[in-house]
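Colleague: could you look at this predicted model? Sequence included:
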Amino acid sequence: MKSILNLFILAILGVFILPAVTANAQIVTPAPYCVLDLHQAAAGTPHGTATAGDGITNVTLGTLNNSTNGYIPDSTYNYYNTVAAPSLIVGNSYTISITFGACLNAEPMYYAAWIDFNGDNVFSAAELIINNANSGGTEIPYGVLTTRTKTFTVPATAIAGTWRMRVVRTGQMSTGSMTYSSTYTPSVCFSAAENAAGTIQFGEVEDYNVNITAGTATTCAPVTGTTVTGITSVAATISWTAVTGSAGYEYVVNTTATAPLVAGTATALTTANATALTPSTNYYAHVRNNCGGGNYSVWVNIPFSTQAASAVCDTVTGVNITNITSSSAKVNWATASGATGYEYTVNTLVASPSVAGTATTLTNTTVTGLTPATTYYAHIRKKCGTTTYSSWISKKFTTNNTVAVENIMENDSFKLNIYPNPVDDVITITTEGNVGQQQEITIIDMTGRIVRKYNNISEINIKGVPSGVYFLHYTDYKHVETVRLEKR
């Protein structure tokens with residue numbers, strides 16, 4: 001009875017006041033938190049349009065992803081109590097993302113967000129998680145949708161429970177200044193006096209529920225093995241070791257050693273290409289691991305310097321392939337000025353290698369273990385200094401489809417080489433060993449029918465012969481050999 005009487009008295013005194021709720025259960029008054037009395041037009045007059053408004057168009061934090069119109073028809077305050085609250089674990093790091101409407105008014109715009117980590121119904125300065133200063137420091141541009149992000153850590157002093165988060169976007173400073181200040185943070189509560197004086201311009205405030213859980217803080221492992229290679233005057237390649245269980249990575253390339261204040265470029269790969277760099281400039285490549293659910297590791301950085309504009313690492317020249325057999329070939333290239341070495345790779349891929357090749361200080365190499373009648377690509381690049389490389393240069397070649405046979409008329413070794421095989425029109429033929437006189441080449445189809453005959457065996461043209469499989473039959477005074485031939 002006493003409790004009922006107390007409630008009755010509180011209601012009479014106007015202290016026990018329920019928050020105002022719209023028809024869809026959307027609360028539009030902030031109690032028990034402080035009131036934000038933003039300046040606004042007459043009721044029913046929108047502050048801008050859906051594409052050019054003064055408001056907030058999206059707030060994302062963990063599982064929270066709430067999009068709105070970006071303009072305010074009646075109220076500058078909304079408490080989105082009907083939106084599912086994200087769960088944040090004490091000690092974990094999360095990234096908040098706020099997108100703002102494309103305001104067309106030429107006035108400074110400021111933003112900030114707080115979480116009531118200790119549940120005392122007050123947003124203190126220590127509970128600020130994002131503002132202009134800590135997420136880039138630059139002004140929100142006019143006329144375009146703009147997104148700002150910031151990674152923060154739930155403090156160890158946070159109390160488990162469901163508490164409030166407040167997101168604010170306002171116009172000029174409370175002093176009325178129209179000059180942008182990168183260090184200014186809007187007030188978390190605005191007074192009626194400020195509004196009456198017209199010092200607080202159009203904007204919006206949004207409140208959300210946030211679940212703080214004690215849990216066990218999940219440490220998001222940082223990336224390791226970060227390297228920067230392929231450095232030129234305008235580009236570089238960043239690489240790092242894959243982290244087990246990673247949901248992806250983010251990277252930033254800038255000229256600052258301190259950790260980035262904003263989110264980086266997201267990627268699922270463990271390499272990234274930095275382009276459009278300035279010659280002779282010191283850079284830092286920052287990389288962090290994404291553990292999912294808005295949880296990120298600390299940034300890891302590695303410094304590097306671009307080459308001078310006149311010190312670009314030029315590509316190698318004079319690449320040619322010699323001594324081609326069915327299982328080997330010799331790759332040659334010209335000596336390059338200023339080279340400290342070279343790298344080469346021989347494979348069946350036309351694309352340039354994405355990893356380092358075999359290092360050498362020579363200008364030729366013999367590759368073995370190749371497959372007969374197969375098209376290969378020899379890729380070579382020049383090394384400049386210790387970590388800088390030129391682009392890859394590639395040369396195509398096809399191994400022979402040959403068989404070494406014993407001399408059937410004398411006991412000496414003889415070998416017939418034909419290439420390319422498969423062939424389109426022209427076949428090059430070479431012989432090794434003790435070659436006899438009266439050389440002749442006969443092309444025979446699969447039924448045994450003679451299709452063509454040739455006496456000049458160094459090069460024959462089979463243009464006009466239908467596509468298919470044939471036998472190339474060689475004879476001279478001392479030798480006989482037959483090779484399978486494919487006509488494309």
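Modeller: Structure's in. What do you need?
Colleague: from memory Asn401 sits against Pro372, does it?
Modeller: Yes. With contacts counted by C-beta atoms under 8 Å, Asn401 reaches Pro372, the gap being 5.0 Å. Any C-beta I mention is one placed from the backbone N, CA and C, and that applies to glycine too.
Colleague: what touches both of those two?
Modeller: Residues touching both Asn401 and Pro372 (C-beta atoms under 8 Å, 6 or more residues apart in numbering): Ser326.
Colleague: quick one: which of these two has more around it?
Modeller: Asn401 (22 against 14; other C-beta atoms under 10 Å).
Colleague: got the contact list for the more buried one?
Modeller: Contacts of Asn401 (C-beta under 8 Å, 6+ apart): Ser326, Pro372, Ala373, Ile418, Tyr419, Asn421, Val483, Arg484, Leu485.
Colleague: then Asn332?
Modeller: Applying C-beta under 8 Å, 6+ apart, the residues near Asn332 are Gly318, Val319, Asn320, Ile321, Thr322, Thr363, Asn364.
Colleague: excluding chain neighbours, what is closest to the third one?
Modeller: Just to be clear, that refers to Asn320. Spatial nearest neighbour of Asn320, excluding adjacent residues (C-beta to C-beta, 6 or more residues apart in numbering): Asn332 at 5.3 Å.
Colleague: again with Tyr477
Modeller: Distances taken as C-beta to C-beta, 6+ apart put Gly436 closest to Tyr477, at 3.4 Å, once the chain neighbours are dropped.
Colleague: do you know the pLDDT at that neighbour?
Modeller: Note on Gly436: pLDDT of 72.
Colleague: look up how far Phe414 lies from it.
Modeller: With distances taken as C-beta to C-beta, to the nearest Å, Gly436 is found 9 Å from Phe414.
Colleague: more crowded one of the two?
Modeller: Phe414 (23 against 16).
Colleague: which residues does the more buried one bridge with?
Modeller: Counting by DSSP bridges, Phe414 is bridged to Val405, Gly433.
Colleague: go ahead and confirm it touches Val435.
Modeller: Yes. Counting by C-beta under 8 Å, Phe414 touches Val435, with 7.3 Å between them.
Colleague: overlap in contacts, the two.
Modeller: Shared contacts of Phe414 and Val435, counting by C-beta under 8 Å, 6+ apart, come down to Lys478, His479.
Colleague: pLDDT below threshold where in the stretch 301-450 of the chain?
Modeller: 309-312, 402-412 (pLDDT under 70).
Colleague: do a quick rundown of the strands in it.
Modeller: 320-322, 329-332, 341-347, 358-360, 364-367, 375-384, 388-389, 393-398, 404-406, 413-419, 426-433, 440-445, 450-454 (DSSP state E, counting those that start in this stretch).
Colleague: show me what the third one is in contact with.
Modeller: Translated: strand 341-347. By C-beta under 8 Å, 6+ apart, strand 341-347 touches 316, 329, 331, 333, 336, 353, 356-363, 365, 367, 370, 376-383, 389.
Colleague: please parse this protein into its domains.
Modeller: 16-213, 224-310, 313-398, 404-487 (automatic domain parsing).
Colleague: follow-up on the earlier one: among the contacts of strand 341-347, name the buried ones.
Modeller: The neighbour count (16 or more other C-beta atoms under 10 Å) marks 316, 329, 331, 333, 336, 353, 357, 363, 365, 367, 370, 376-383, 389 as buried among these.
Colleague: now do the contacts for the residue nearest in space to the middle of the chain.
Modeller: When C-alpha atoms, centre = their mean is applied to the chain, the residue found nearest the centroid is Thr267 (3.3 Å). By C-beta under 8 Å, 6+ apart, the residues touching Thr267 are Gly248, Tyr249, Glu250, Tyr251.
Colleague: look up how far Thr430 lies from the third one.
Modeller: Put plainly, it is Glu250. On the measure of C-beta to C-beta, Glu250 and Thr430 end up 57 Å apart.
Colleague: what's the answer for Trp240, then?
Modeller: For Trp240, the distance to Thr430 - C-beta to C-beta - is 49 Å.
Colleague: who's more crowded, the two?
Modeller: Taking other C-beta under 10 Å, Trp240 and Thr430 do not tie; Trp240 has more neighbours (23 against 15).
Colleague: where along the stretch 51-200 of the chain do the strands fall?
Modeller: With DSSP E, counting those that start in this stretch as the criterion, the stretch 51-200 of the chain has strands spanning 56-61, 64-67, 77-79, 87-89, 93-100, 110-115, 128-131, 146-153, 161-170.
Colleague: point out the most buried one among these.
Modeller: Mean neighbour counts were compared across the strands of the stretch 51-200 of the chain using mean count of other C-beta atoms under 10 Å; the top stretch is strand 110-115, at a mean of 24.
Colleague: starting at the chain centroid, how far to that one?
Modeller: Centre-to-centre, strand 110-115 and its host chain are 29 Å apart (C-alpha atoms, centre = their mean, to the nearest Å).
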